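Enquirer: here is my input, please return the structure:
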Amino acid sequence: ISEKRRAQKRAAFSRWRLKNRPPRYRKSEGVILTKELILKHCLINSQTKCWEWQRSRNGDGYGSAKDGKRGVRIHRRAWELWNGEIPAGLSVLHHCDVTYCCNPEHLFLGTQADNVRDCARKGRIVTTHGLESPWSRLTAQQVKEIRTMAGTRVSIAQKFGVSDNCVRKIQLGLTYKEVQ
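Expert: Just a heads-up that it's a prediction; the model follows:
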């Protein structure tokens, strides 16, 4: 067979294959979350009236699901379905503090600053500095002693079992500001 004839046969086969091949596999568009679907997968707590999401949750405990191809937090999607779009720069916060609750009556919009204030007001923020910190290694008396001690920072740090940078910050008044 000549080279020209081989090329013709290859072209004919390619045309036949394109025409007769099975349809390509297409990924599903996924399920679109609706009010009914959210309610179907929620357990309504009779005491708190929370709609507790019974499907998947992310690492922070928030209910999560796929909305079409996109992963969403379920409380945000519930807000959108019952109340409309979430304005840019705002978060959906919980009155009830149940991260997997998607009851629209328990949700409200707020900024990140509102969220932090809400956490503090409800006592969910742990103070992570000074004597109030659960990780604090020093007492008020030891902090006063460090501020008045003579010697190198390294030797002072070794005596109290802290880093020399911790001693530096105490001596400069950057940490343990509440101790006078």
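Enquirer: helices along this structure, start to end?
Expert: Assigned by DSSP state H, the helices in the chain fall at 3-20, 35-40, 74-83, 112-121, 140-148, 153-160, 164-171.
Enquirer: which residues belonging to the second one are considered buried?
Expert: Just to be clear, that refers to helix 35-40. Residues of helix 35-40 classed as buried: residue 38 (neighbour count, 16 or more other CB atoms under 10 Å). C-beta here means a position set from N, CA and C on the backbone, and glycine is covered the same way.
Enquirer: center of the chain, which residue is that?
Expert: residue 60 (5.8 Å; CA atoms, centre = their mean).
Enquirer: what residues does the residue nearest to that residue when sequence neighbours are not counted make contact with?
Expert: Nearest residue to residue 60 in three dimensions, chain neighbours excluded: residue 99, at 6.5 Å (CB to CB, 6 or more residues apart in numbering). Contacts for residue 99 (CB atoms under 8 Å, 6 or more residues apart in numbering) come out as 57, 60, 61, 62, 63, 75.
Enquirer: how far away is residue 99 from residue 15?
Expert: For residue 99, the distance to residue 15 equals 58 Å [CB to CB, to the nearest Å].
Enquirer: same deal with residue 53?
Expert: Counting by CB to CB - residue 53 and residue 15 are separated by 53 Å.
Enquirer: neighbour count winner among these two?
Expert: Between residue 53 and residue 15, residue 53 has the larger neighbour count (other CB atoms under 10 Å), namely 24 against 10.
Enquirer: and that one, how far is that from residue 86?
Expert: Look at residue 53 and residue 86: by CB to CB, they are 18 Å apart.
Enquirer: same question, residue 109
Expert: 7 Å.
Enquirer: please enumerate the shared neighbours of the two.
Expert: Contacts common to residue 109 and residue 86, judged by CB under 8 Å, 6+ apart, are 79, 92.
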